[in-house]
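1. Dropping a prediction and its sequence here:
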Amino acid sequence: MHWADVIANEVIKKGGKHLISTGISPSGFIHVGSLREAITANAVFKAMKDKGADVELIYLVDDYDPLRKRYPFLPECYEKEVGRPLCQIPCPGDHCHESYGHHFIQPFLDAIGEMGIKPHVYFTHELYEQGRFAELTDLVIREKDKVAQILKEVTGRDVPPNFWPVSPQCPECGHFTDKVTGYEYPYVHFKCGCGHEGKADIRKGEAKLPWRIEWAAKWKILGVTCEPFGKDHAAAGGSYETGERFSRDLFGIEPPFPIPYEFIQFKGKGQMHKSTGIVVTGTDALMITPAPVLSFSVLRYNPERHIDYDPGLGILDVVDEYDQVEAMYFNGGAEDKDKDFLRAYEIAQPKCVRTKLPLHVPYRHLVSLVQISDGFEGIVDILKRTENVAELLPEDREVLQERVNCVKHWLANFAPEDVKFSVAAELPQMTLSDQDKVLLRAFHDALAKVEWKGDNIHNAVYECAKGAGVQTKVAFQLLYGIFINKKQGPRLGYFLSTLDRNFVLDRIAAAMN
RNA sequence: GGGCCCGUAGCUCAGCUAGGUUGAGCGAUCGGCUCUUAACCGAUAGGCCGUGGGUUCGAAUCCCACCGGGCCCGCCA
């Protein structure tokens, strides 16, 4: 059974209404690893729905969290924003979003939307402003000794002296402060580091709970019954463990069913990190990987396994495998061991599963086609001409279009050099032997007569090479050299057939002189 | 100091939850399609299942220890 179904069954066992929660603190570019959380949550959500459960999926944008530091991508003037909540910091783009938090979360929400993940989105700062945390904040402050006790028991560390489980936001400097001087509902009195003294109303979003407590509070306020989270939270003494205690001992609820998951790593370079400059954002990943393929490539692994994300050649294998599973899904032939793959395929569909096998153009071939042809229609023409395809259904065009776009972005940003080529605008510099020229002469003559089809051109290469007494290998290298200035390339006959005949003849003629 | 994951073919991984002759894909090699070249097909090779113990009639699978690799917590979120 696929892991999403296993988890779904576990969660359903507890009965009642269910809420799967996921979210992030939108402090910067959201990398591909964060997609895993959304995909994981969505997979369980879908699995539970399939089983008839009453379940909802939400996404919490923690934009009341403070900016932790000025990241390298931020201009110097953001130095003063450090410590202020993300929802109140100006957009670091060209005023394209209403806040810092929105600027980073919106593209991400768009990205998961493309994968068919459409949770109900909450912005944490709004929950605070609406006073939804007020009751629990009051409880937590009144029970602060118990809170301190739990933190100590779980983490093994003493809380600082004069501990208050709440951080008021100073209206003067906008920073959160831990210098609390007293509490009487609904006001937290404080003396900020900037010198300002005041009181914060916990009903109006003027004070924030510390993260570990806030997490558990959200479980209670929203009724969360299941939540995936990165392994960082899952460690012993980690935040999930404190969350469990707060839930049971303070809030009187059962903590949500946990789904700890491993991170996605950048192949060969360790974990992705903003500071190293190696960042593949969720949006990047979707630009080079068709949405269902990306989903599938996450769903095929158990959450506890780490995934190496290879934005290079690895992408091609992933797409190939996806296509293979897709073919199995529609054509049958799956064995027991493939069942989980089929299920992963099913869950990975952004919309609903197609009624018949979609058009398959081998992805590697598409990589060639995209480089041969100018536009989308040109690619369609080549496909038709080379008899791979008769007519394209609208859905097939959609899939093909998405893939063509992905291939283009991939070629532009991630593809290794040896798969790239382009038709040389002019004859590359090269020295030819007499034998080469004899071959070209023969080839020129042959091509002038032959029907302009890939097969025929391809055959002509062999015939001419034989006739001229040249090794076919040499002949191919010569021709690739003339047209793309490389020693190898896409299947030559088909490649040339996509070019204009006169252009091809002229180029060969030019090479002979 | 603590926690998690991984170690099976050159590479990526299945198989481990219910012990019973290790599998697949890619790659490689060879071959086929009148044609070695990045669309196809076929065949072949390739593995003391990290190491050492234990349980068992029998262990890749369960238990223990160790080695190696990756990551996380012990600041904050």
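-> In hand now; what should we look at?

2. how about the helices in the stretch 51-200 of chain A?
-> Under the criterion DSSP state H, counting those that start in this stretch, helices of the stretch 51-200 of chain A are mapped to A:100-114, A:124-129, A:134-142, A:144-155.

3. Can you say which of those is nearest to RNA strand B?
-> Nearest of these to RNA strand B, taken as CB to the nearest atom of the strand: helix A:144-155 at 5.6 Å. C-beta here means a position set from N, CA and C on the backbone, and glycine is covered the same way.

4. That closest one vs helix A:134-142, what angle?
-> 80 degrees (axes from the mean of the first three to the mean of the last three CA atoms, to 10 degrees).

5. contact partners of stretch A:406-420?
-> A:284, A:287-290, A:311-313, A:315, A:363, A:366-367, A:370-371 (CB atoms under 8 Å, 6 or more residues apart in numbering).

6. Restrict those to the buried ones and give me that as a PyMOL selection.
-> One line in PyMOL is enough to select the buried members of these, burial here meaning 16 or more other CB atoms under 10 Å:
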select buried, chain A and resi 284+287+288+289+290+311+315+363+366+367+370+371
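
7. Kindly reformat the helices of the stretch 51-200 of chain A as TSV containing distance to RNA strand B, mean neighbour count and mean pLDDT.
-> Formatted as TSV, those follow (distance: least, CB to the nearest atom of the strand, whole Å; neighbours: other CB atoms under 10 Å; pLDDT from 0 to 100):
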stretch	distance to RNA strand B	mean neighbour count	mean pLDDT
helix A:100-114	11	21	92
helix A:124-129	8	20	96
helix A:134-142	13	19	95
helix A:144-155	6	17	90
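
8. Put together CSV for the contacts of stretch A:406-420, with pLDDT and distance to RNA strand B on each row.
-> Compiled in CSV, the contacts of stretch A:406-420 are given as follows (pLDDT from 0 to 100; distance: CB to the nearest atom of the strand, whole Å):
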residue, pLDDT, distance to RNA strand B
A:284, 79, 20
A:287, 86, 20
A:288, 85, 16
A:289, 87, 15
A:290, 89, 18
A:311, 78, 14
A:312, 77, 11
A:313, 77, 9
A:315, 82, 12
A:363, 83, 9
A:366, 86, 9
A:367, 86, 5
A:370, 87, 10
A:371, 87, 7
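
9. Could you list the domains of chain A?
-> Domain assignment for chain A, taken from automatic domain parsing, gives A:1-157+A:213-357, A:166-208, A:363-419, A:434-512.

10. mind putting the ones you listed in TSV, distance to residue A:428 included?
-> Shown next, in TSV, are those (distance: least, CB to CB, whole Å):
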stretch	distance to residue A:428
domain A:1-157+A:213-357	26
domain A:166-208	61
domain A:363-419	16
domain A:434-512	4
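
11. and residue A:425, which of those domains is closest to it?
-> Taking CB to CB, domain A:434-512 is the member of these nearest to residue A:425, at 10.2 Å.

12. Let me know the average pLDDT across the closest one.
-> Confidence over domain A:434-512 (mean pLDDT, whole number) is 83.

13. Return the residues in contact with the spatially closest residue to residue A:90 that is not a sequence neighbour.
-> For residue A:90, ignoring the flanking residues on the chain, the nearest one in space by CB to CB, 6 or more residues apart in numbering is residue A:100 at 6.6 Å. By CB under 8 Å, 6+ apart, the contact set of residue A:100 is A:26, A:63, A:67, A:81, A:86, A:87, A:89, A:90, A:91, A:92.

14. isn't the second one right next to residue A:106, touching?
-> No: the criterion here is CB atoms under 8 Å, and residue A:63 misses it with residue A:106 at 11.2 Å.

15. coming back round to it: mind giving me TSV with the helices of the stretch 51-200 of chain A and columns for distance to residue A:440?
-> Output for the helices of the stretch 51-200 of chain A, formatted as TSV (distance: least, CB to CB, whole Å):
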stretch	distance to residue A:440
helix A:100-114	49
helix A:124-129	69
helix A:134-142	81
helix A:144-155	76
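
16. do you know which of these lies nearest residue A:302?
-> helix A:100-114 (20.7 Å).

17. What are the buried residues along stretch A:169-179?
-> For stretch A:169-179, burial by neighbour count (16+ other CB under 10 Å) applies to A:169, A:170, A:173, A:174, A:175, A:176, A:177, A:178.

18. Determine which two of the residues you listed are furthest apart.
-> A:174 and A:178, at 15.1 Å, using CB to CB across the buried residues of stretch A:169-179.

19. quick one: the strands in chain A?
-> A:18-24, A:55-61, A:120-123, A:167-168, A:180-184, A:187-191, A:197-201, A:207-208, A:226-230, A:257-261, A:264-266, A:307-309 (DSSP state E).
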